[in-house]
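[1] Sequence plus the predicted model coming up.
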Amino acid sequence: MRQRNRGRATLAAFAAMCAVAALPGQAYAAGEPAPYTFDPEAKSIQGAEISTDASALSAGSVYKSSIKPGEKLYYHLVLDADTNAYVSAVAVPELGGQVAYGDGIKVSIRDSTDLQCSSEDARFESAEFPRPIAAYAYRVPEKNSTTCDDAGTYNVLVEREGKETSTPAEWDLELRYESEPKLKQGGSVPSEAPENWPSASPSPPTQAAQKRPGGTSYYDATSLETGEWDDSIEPGQTRFYQVPVDWGQQIFATVDLGNSVDGSDEYVGSALALSLDNPAHGHVDEALPLSYSGKPASVSLDPLPPVAYENRFAPSADVSAMRFAGWYYLSVTLSPEVEKAYGKKAIPMTLKVKVENSAGPSPYEGSAGVFGVTQDDKDMARNGQSAPQAAKSDTMKMVAAAGIGAGAVLVLVLGAWTLLARRRAATVAGGQAAVGTAGQPPYGGPPQAW
């Protein structure tokens with residue numbers, strides 16, 4: 001039994017350490033912008049040009065695919081009559097490629113008769129430089145509607161449009177399918193979007209800025225809470241951050257770009273892009289591109305409403321996208337054109353984040369999944385961890401617990417052996433016959449080393 005338990009403890013610790021070793025790292029060439037880090041659990045899937053050949057997506061899953069210029073690719077969903085389904089696509093153009101105004105993707109969900117449930121596009125506009133862009137579509141059954149409210153098979157259609165001047169290479173796609181939890185039984189939720197909300201920029205955080213390097217994707221985005229966070233960004237690079245925003249809370253974000261130290265004052269239009277996406281990776285808003293001339297510059301997102309279920313009824317896409325709690329994703333991209341004027345060296349920047357208001361109750365029944373904020377999420381934001389870093393931290397805690405457990409068992413076994421030895425010695429001193437040869441430990445000696 002001792003050998004079996006020893007093996008189990010060793011295997012558990014070994015497996016935990018292997019899990020740590022398997023976590024993705026940030027390996028890329030020095031001086032080069034980091035490539036997009038795909039979720040390591042993403043399953044490879046091919047989109048189909050014929051809808052009847054499409055592969056099915058599963059709720060709560062992540063997929064990796066690709067799309068060529070002009071392609072229209074289908075994927076399948078199998079839905080019941082009640083589920084609110086969200087499918088997002090993150091398009092990742094190759095680094096160093098060329099994109100033009102209007103290039104992008106469109107995502108739509110359609111029923112079996114090709115009636116469109118919803119759609120959204122993500123396009124490059126005045127900030128014409130390659131970076132990850134995201135869009136989502138959803139199927140949300142509505143009362144008194146005859147469209148998209150039946151159980152059955154639905155099509156997800158991803159379309160890519162591009163100009164002839166753009167790089168014709170494939171774009172990688174990261175697809176996600178999430179289903180929204182059911183509402184609480186008997187609960188009442190407003191059915192109209194709010195018309196007014198606080199729009200004044202809040203007072204800036206009072207604490208000194210702290211260093212928080214951003215991630216390379218939604219998967220390894222660095223967690224932030226209210227505060228000022230220092231980072232730096234290279235030309236062509238995209239930095240990702242995630243902020244937990246709960247029900248009733250409002251997010252504000254500003255990027256301050258530092259000055260150049262080489263004395264140049266060359267003007268670069270549309271030098272920096274700041275974007276916000278919601279927990280389903282649906283696009284919320286993008287600030288007007290920031291121009292740069294070697295001097296300090298700043299850009300902010302427009303004020304958005306507090307997170308509320310009823311925001312989904314708003315006609316404007318940015319308000320509608322603030323429909324659930326969870327991680328909201330900020331991405332910052334510096335144009336590769338900056339390199340021509342200011343070189344490859346990273347430029348310092350400060351990301352100012354403010355989350356206003358106290359958290360309100362969830363409208364969902366049971367666990368909210370990605371559409372909620374947990375204490376673990378708040379801890380991640382406070383510690384500045386990404387999801388892989390948090391997983392690594394949890395794994396190391398498991399390894400430590402396994403080590404402490406094994407050590408505790410060893411101490412108990414050695415203690416029991418010492419107690420038996422003392423009792424054996426006392427028996428011999430009392431004149432009773434001792435089992436075993438004089439000078440040998442009792443019962444075959446001490447336990448073998450683990």
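    Cool, got the structure.
[2] Name the residues that touch stretch 112-120?
    The contact list for stretch 112-120, computed with CB atoms under 8 Å, 6 or more residues apart in numbering, reads 106-111, 135-140, 147-148, 152-155, 282-283, 317. Backbone N, C-alpha and C define where each C-beta goes, glycine included.
[3] Report the buried members of the residues you listed.
    Under a neighbour-count criterion of 16 or more other CB atoms under 10 Å, the subset of the contacts of stretch 112-120 counted as buried comprises 106-111, 135-140, 148, 154-155, 282-283.
[4] which intervals of the protein have sub-threshold pLDDT?
    Along the chain, segments meeting pLDDT under 70 span 1-34, 393-450.
[5] if you set the cut-off to 90 instead, what comes out?
    In the predicted model, the chain carries pLDDT under 90 at residues 1-35, 95-96, 126, 142-147, 164, 185-208, 261-264, 391-450.
[6] hang on, the earlier thing: among the buried ones among the contacts of stretch 112-120, which lie within helices?
    Secondary structure defined by DSSP state H assigns none of the buried ones among the contacts of stretch 112-120 to helices.
[7] The chain: helices as residue ranges?
    2-21, 317-320, 337-342, 375-383, 387-429.
[8] Which elements pack onto the shortest one?
    For helix 317-320, the packing partners by 3 or more CB pairs under 8 Å, 6 or more residues apart in numbering; DSSP states H and E come out as strand 283-286.
[9] let's go with 10 Å and repeat that
    In this structure, helix 317-320 makes packing contacts with strand 116-123, strand 283-286, judged by 3 or more CB pairs under 10 Å, 6 or more residues apart in numbering; DSSP states H and E.
[10] now, of those strands, which is deepest in the fold?
    Each of the helices and strands packed on helix 317-320 was assessed for mean neighbour count using mean count of other CB atoms under 10 Å. The highest is strand 283-286, with a mean of 20.
[11] any chance of the helices and strands packed on helix 317-320 in TSV, with distance to Val373 too?
    Shown next, in TSV, are the helices and strands packed on helix 317-320 (distance: least, CB to CB, whole Å):
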stretch	distance to Val373
strand 116-123	24
strand 283-286	17
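[12] ok, so what distance separates the residue lying closest to Gln98 once chain neighbours are set aside from Ala100?
    Residue nearest to Gln98 in three dimensions, not counting chain neighbours: Thr167, with 4.7 Å by CB to CB, 6 or more residues apart in numbering. Thr167 sits at a distance of 10 Å from Ala100 (criterion: CB to CB, to the nearest Å).
[13] could you check the distance from Pro205 over to Glu228?
    Relative to Glu228, and taking CB to CB, Pro205 is found at 5 Å.
[14] now swap in Val332 and tell me
    14 Å.
[15] cool, Ala280 as well?
    Taken as CB to CB, the spacing of Ala280 relative to Glu228 amounts to 28 Å.
[16] ok, the two, which is more surrounded?
    When neighbours are counted by other CB atoms under 10 Å, Ala280 and Glu228 differ, and Ala280 comes out ahead with 23 against 20.
[17] so that one sits right up against Ser88, yeah?
    Yes. When contacts are counted by CB atoms under 10 Å, Ala280 is listed as touching Ser88 (5.8 Å).
[18] and for the two, which residues touch both?
    By the contact definition CB atoms under 10 Å, 6 or more residues apart in numbering, Ala280 and Ser88 are jointly contacted by Ala134, Tyr136, Ala137, Tyr138, Arg176, Tyr177, Glu178.
[19] Just give me the closest of the residues you listed to Arg160.
    Closest approach between the shared contacts of Ala280 and Ser88 and Arg160, by CB to CB: Ala134, at 13.9 Å.
[20] Of Thr167 and Ala100, which one has the most company?
    Residue environment comparison for Thr167 versus Ala100 gives the larger neighbour count to Thr167, 17 against 14, counting by other CB under 10 Å.
[21] how close does that one get to Ser275?
    When distances are taken as CB to CB, Thr167 and Ser275 turn out to be 21 Å apart.
[22] again, but for Glu365
    As judged by CB to CB, Glu365 and Ser275 stand 32 Å apart.
[23] quick one: which of those two has more around it?
    Higher neighbour count among Glu365 and Ser275: Ser275, with 24 against 13, using other CB under 10 Å.
[24] Bridged to that one, which residues?
    Taking DSSP bridges, one finds Glu286, Ser331 as the beta-bridge partners of Ser275.
[25] Now do the residue lying closest to Arg323 once chain neighbours are set aside against Ser118, distance only.
    Computed as CB to CB, 6+ apart, the closest residue to Arg323 that is not its neighbour in sequence is Arg312, at 4.2 Å. Here the distance between Arg312 and Ser118 works out to 11 Å (CB to CB).
[26] and for Pro205 and Glu228, which residues touch both?
    Lys352, Val353, Lys354.
[27] which residues touch the first one?
    Right, Lys352. Contact partners of Lys352, counting by CB under 10 Å, 6+ apart, are 201, 204-205, 209, 226-229, 252-256, 298, 300.
[28] go on, Trp197?
    Listed by CB under 10 Å, 6+ apart, the contact set of Trp197 reads Gln250, Pro303, Leu304, Pro305, Pro306, Ala308, Asn311, Val319, Met322.
[29] Give me the buried entries from those.
    Gln250, Leu304, Pro305, Pro306, Ala308, Asn311, Val319, Met322.
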